[in-house]
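Enquirer: Here is the input, now give the coordinates:
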Amino acid sequence: MFNQVKFVNLISGILCILLIAPILIVVAISFGESSYMVFPPSSFSTKWYADFFTSPEWMSSLMVSLLIALLSSLISTTLGFLGAYSLVRGKYRNKKLIISFCLLPLIVPSIITAVALYFASVPLELVGSKVWIAVCHAALAIPVVLLILISSLQGIDESIERAAESLGASKFYTFTRIVIPMATPGIMSAAFFSFLTSFDELIISLFLSGLESETMPVRIWNSLLMNIEPVIASISSFLIVITVSLLLLELLVRKLRA
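Expert: Predicted coordinates for the structure are as follows:
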């Protein structure tokens with residue numbers, strides 16, 4: 001038994017190293033001074049970070065990505081929470097079939113979804129619209145939100161809601177003053193993950209973004225096609241910091257609400 005535990009721990013450690021090593025290599029490259037990517041860097045410099053933060057083009061793409069991700073997170077979290085509450089508390093048949101249907105965006109390849117959305121967007125002249133891109137990103141994020149919030153709402157005792165209603169509370173009051181506060185940790189987690197889903201999305205953004213709505217992943221992609229600059233390593237490191245910070249913030253929120 002002991003040997004089995006050691007073996008499992010060894011395999012887990014190796015997997016963690018394999019997953020983390022590429023990230024650490026990118027971070028190390030981002031602090032190099034060379035005009036091309038090289039590992040290990042011959043000298044230490046923050047030149048490429050300075051180029052990134054002082055570039056109007058990169059900052060514009062970052063602001064577009066943040067705006068779209070915030071809108072997408074708001075849309076997907078709101079709709080996902082209402083859908084999850086209906087699926088958990090609703091008394092109707094074929095719930096599993098409905099949940100499976102709602103999870104289709106996770107199953108269907110992103111390229112197929114992107115092509116379909118593109119052909120639907122062109123006649124409506126929505127290509128390049130930041131709001132429309134946020135809506136399309138929300139379609140990908142809603143399944144993630146549903147999975148998180150269904151689990152969260154299942155942990156809330158339904159008898160608490162019935163008790164509130166038996167004491168004269170309306171359904172709206174019970175929903176807004178009891179259900180939502182109790183589900184807040186799950187809502188926050190769903191909002192964080194839906195934000196990251198939109199912020200990191202490339203394929204749909206590649207089809208739907210225009211010159212004025214170029215997101216950060218799209219700009220990175222276009223930059224890689226034209227010229228592999230070390231500034232991309234610094235941008236990747238910055239995005240890693242954002243992702244890890246959000247995950248740590250989500251963990252902190254859960255601990256504070258526990």
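Enquirer: Now do the helix or strand containing residue 122: distance to the chain's middle.
Expert: Element membership of residue 122 [criterion: DSSP states H and E] is helix 110-124. Remark: helix 110-124 is offset 21 Å from the chain centroid, using Cα atoms, centre = their mean, to the nearest Å.
Enquirer: Now do stretch 146-157: everything it contacts.
Expert: Outside stretch 146-157, the residues that touch it by Cβ atoms under 8 Å, 6 or more residues apart in numbering are 80-81, 83-85, 87-89, 99, 102-103, 179, 182-183, 185-187, 189-190, 193. C-beta here means a position set from N, CA and C on the backbone, and glycine is covered the same way.
Enquirer: which residues does residue 165 contact?
Expert: Applying Cβ under 8 Å, 6+ apart to residue 165 gives the contacts 171, 174.
Enquirer: and the gap between it and residue 172?
Expert: Using Cβ to Cβ, to the nearest Å, residue 165 is found at 11 Å from residue 172.
Enquirer: Low-confidence ranges, this protein, go.
Expert: Scanning the chain for pLDDT under 70 picks out the ranges 1-3, 34-39, 227, 253-258.
Enquirer: ok, back up a step: can you mark which positions in the following helix or strand past the helix holding residue 122 are buried?
Expert: Where DSSP H and E defines the elements, the next helix or strand beyond helix 110-124 is helix 130-154. Buried residues in helix 130-154, defined by neighbour count with 16 or more other Cβ atoms under 10 Å: 130, 132-150, 152-153.
Enquirer: So which bits of the helix or strand just after helix 130-154 are buried?
Expert: As assigned by DSSP H and E, the chain's next helix or strand after helix 130-154 is helix 158-166. By 16+ other Cβ under 10 Å, the buried positions in helix 158-166 come out as 161, 164.
Enquirer: got the buried residues for the following helix or strand past helix 158-166?
Expert: Using DSSP H and E, the helix or strand that directly follows helix 158-166 along the chain is helix 171-174. By neighbour count on 16+ other Cβ under 10 Å, the buried set for helix 171-174 is residue 174.
Enquirer: Next: stretch 99-117.
Expert: Neighbour counts over stretch 99-117 (16+ other Cβ under 10 Å) mark 99, 102, 110, 113, 114, 117 as buried.
Enquirer: Give me the residues contacting stretch 12-32.
Expert: 37-46, 48-49, 230, 233-234, 236-237, 240.
Enquirer: Among the residues you listed, name the buried ones.
Expert: By neighbour count, with 16+ other Cβ under 10 Å, these hold 37, 41, 48, 49, 230, 233, 234, 236, 237 as buried.
Enquirer: Isn't the fifth one up against residue 49?
Expert: What it means is residue 230. No: contact criterion Cβ atoms under 8 Å: residue 230 and residue 49 do not qualify, at 10.2 Å.
Enquirer: quick one on the thing from earlier: which pair of the buried residues of stretch 99-117 spans the longest distance?
Expert: Farthest-apart pair in the buried residues of stretch 99-117 is 99 and 114; separation 23.9 Å (Cβ to Cβ).
Enquirer: ok, and residue 187, which helix or strand is that part of?
Expert: Judged by DSSP H and E, residue 187 forms part of helix 184-199.
Enquirer: Pull that helix out as PDB, backbone CA atoms only.
Expert: C-alpha atoms of helix 184-199 as PDB (Å, rounded to 0.1, in the frame of the first residue of the first chain):
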ATOM      1  CA  THR A 184     -22.600  33.700  -3.800                       C
ATOM      2  CA  PRO A 185     -19.400  31.600  -3.600                       C
ATOM      3  CA  GLY A 186     -20.500  29.500  -6.500                       C
ATOM      4  CA  ILE A 187     -21.600  32.600  -8.500                       C
ATOM      5  CA  MET A 188     -18.200  34.200  -7.900                       C
ATOM      6  CA  SER A 189     -16.400  31.100  -9.000                       C
ATOM      7  CA  ALA A 190     -18.600  30.900 -12.100                       C
ATOM      8  CA  ALA A 191     -17.900  34.600 -12.900                       C
ATOM      9  CA  PHE A 192     -14.200  34.100 -12.600                       C
ATOM     10  CA  PHE A 193     -14.100  31.000 -14.900                       C
ATOM     11  CA  SER A 194     -16.400  32.600 -17.400                       C
ATOM     12  CA  PHE A 195     -14.200  35.600 -17.500                       C
ATOM     13  CA  LEU A 196     -11.100  33.500 -18.200                       C
ATOM     14  CA  THR A 197     -13.000  31.500 -20.800                       C
ATOM     15  CA  SER A 198     -13.700  34.700 -22.700                       C
ATOM     16  CA  PHE A 199     -10.300  36.300 -22.000                       C
END
